[in-house]
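**Student:** pasting a predicted model and its sequence here:
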Amino acid sequence: MSLWNDFVGQLPQLLAYGLVTASVLGLGAVGWSFLYRIFNFANFAHGDLMTLGAYWGLLFNVGWHLHWSLAFPLAIVATIGSALLIDRVFYRPLRRRGSAVLLISSAGMALVLRNTLRLFWGQSVHSYDLGFHQAILVLPGVRLTPEALIGMAFALVVTSGLFGLLRYTRMGKALRAAADDLDLARVCGMSLTWITRWTWVLGAGLAAVGGIVLGVEQHLLYPLMGWNLLLPIFAAAVLGGLDHPSGALLGALVIGVGEELFGFFFPNYRPALALVVLIGLLLWRPAGLLGDRS
């Protein structure tokens, strides 16, 4: 009974932590879902692409001593450039061989990215130099660090900008058309090279933002940080429905808040929630919450 009373007393704090977790998962899930809809393969290297973005930010912020307001945009650009190079050299020659070959190759690319970061930065834990005070910001019934609030605000601005771009710009409409039917888009005169390039720009950009936000909120960076998020990201994307990138945000909210609530009672098994949700979803509703049952 005392455990339940403690849970009720800490519920506002747990929900707040859940929103912080969901902001990171949402960025990763939307980017992963977007890449999946265009290329039709599950990119196992997406979590490590998030880590790459976080470490690019570390290089510019700590290595080159740039202010975070300049270092983080440069990190996003560098991650996008890295993703375009990886696609040109690694994925593009394999694209005609089918999604299964791409999936396996992405697992290999995840290992390459992870061990490259280990080669240059080692296994040590690093952190950004943000210049913030570590004082706790007190809200009604909730305690959050300024970094957590800034990370959530940054995630909200970026995802809102993405959906605005997809809905109201010509480029966004073209990408949505390609996501619905790539062959039909090609027949209508759309350039496959152009579609591929902009898909990686948006997907890698979201991955970089997600990795940076994770590093800011957790106050630490390490080579496995993105890999450890891959299962929750995948579960969030599938839970929301792969046909709807906006559903990935709903899935991230459910997984993020659910992990915090579940972790209160079973702290050692918190990562297992994403796997349980994923298995149950595949058995009950494979199309996801917002997906079409057909």
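**Tutor:** Yep, that arrived. Computed from a prediction, not measured in an experiment: that's the story for all the values here.

**Student:** CA only for contacts and neighbour counts going forward, please
**Tutor:** Noted.

**Student:** helices of the chain, residue ranges please.
**Tutor:** Using DSSP state H, the helices of the chain run over 2-39, 46-58, 68-86, 99-121, 146-168, 170-180, 182-187, 192-218, 230-240, 245-265, 272-284.

**Student:** output the second one as PDB, restricted to C-alpha atoms.
**Tutor:** The one in question is helix 46-58. Taking C-alpha atoms only, helix 46-58 is exported to PDB below (Å, rounded to 0.1, in the frame of the first residue of the first chain):
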ATOM      1  CA  HIS A  46      19.100   5.100 -37.200                       C
ATOM      2  CA  GLY A  47      19.900   5.000 -33.500                       C
ATOM      3  CA  ASP A  48      23.600   5.300 -34.200                       C
ATOM      4  CA  LEU A  49      22.900   8.100 -36.600                       C
ATOM      5  CA  MET A  50      21.300   9.900 -33.600                       C
ATOM      6  CA  THR A  51      24.500   9.200 -31.700                       C
ATOM      7  CA  LEU A  52      26.600  10.600 -34.600                       C
ATOM      8  CA  GLY A  53      24.600  13.800 -34.500                       C
ATOM      9  CA  ALA A  54      25.200  14.100 -30.700                       C
ATOM     10  CA  TYR A  55      28.900  13.600 -31.100                       C
ATOM     11  CA  TRP A  56      29.100  16.100 -34.000                       C
ATOM     12  CA  GLY A  57      27.600  18.600 -31.500                       C
ATOM     13  CA  LEU A  58      30.200  17.500 -28.900                       C
END
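
**Student:** that one vs helix 2-39, what angle?
**Tutor:** 100 degrees (axes from the mean of the first three to the mean of the last three C-alpha atoms, to 10 degrees).

**Student:** now tell me what touches helix 46-58 from outside.
**Tutor:** 28, 32, 68, 71-72, 74-76, 78-79, 83, 110, 113-114, 117, 127-128, 204, 207-212, 214-215, 221-230 (C-alpha atoms under 8 Å, 6 or more residues apart in numbering).

**Student:** got the angle between that helix and helix 230-240?
**Tutor:** Computed with the same axes, to 10 degrees, the direction of helix 46-58 lies at 120 degrees from that of helix 230-240.

**Student:** if you average the pLDDT over helix 46-58, what comes out?
**Tutor:** Helix 46-58 comes out with an average pLDDT of 96.

**Student:** mind checking how far it is from the chain centre?
**Tutor:** Distance of helix 46-58 from its chain centroid, counting by C-alpha atoms, centre = their mean, to the nearest Å, is 10 Å.

**Student:** check the fourth one too.
**Tutor:** Remark: helix 99-121 is offset 16 Å from the chain centroid, using C-alpha atoms, centre = their mean.

**Student:** can you give me the buried ones in that helix?
**Tutor:** Using 16 or more other C-alpha atoms under 10 Å as the test for burial, helix 99-121 gives S99, L102, L103, S105, S106, A107, M109, A110, L113, R114, N115, L117.

**Student:** please apply the same query to stretch 263-274.
**Tutor:** Buried residues in stretch 263-274, counted by 16+ other C-alpha under 10 Å: G263, F264, R270, P271, A272, L273, A274.
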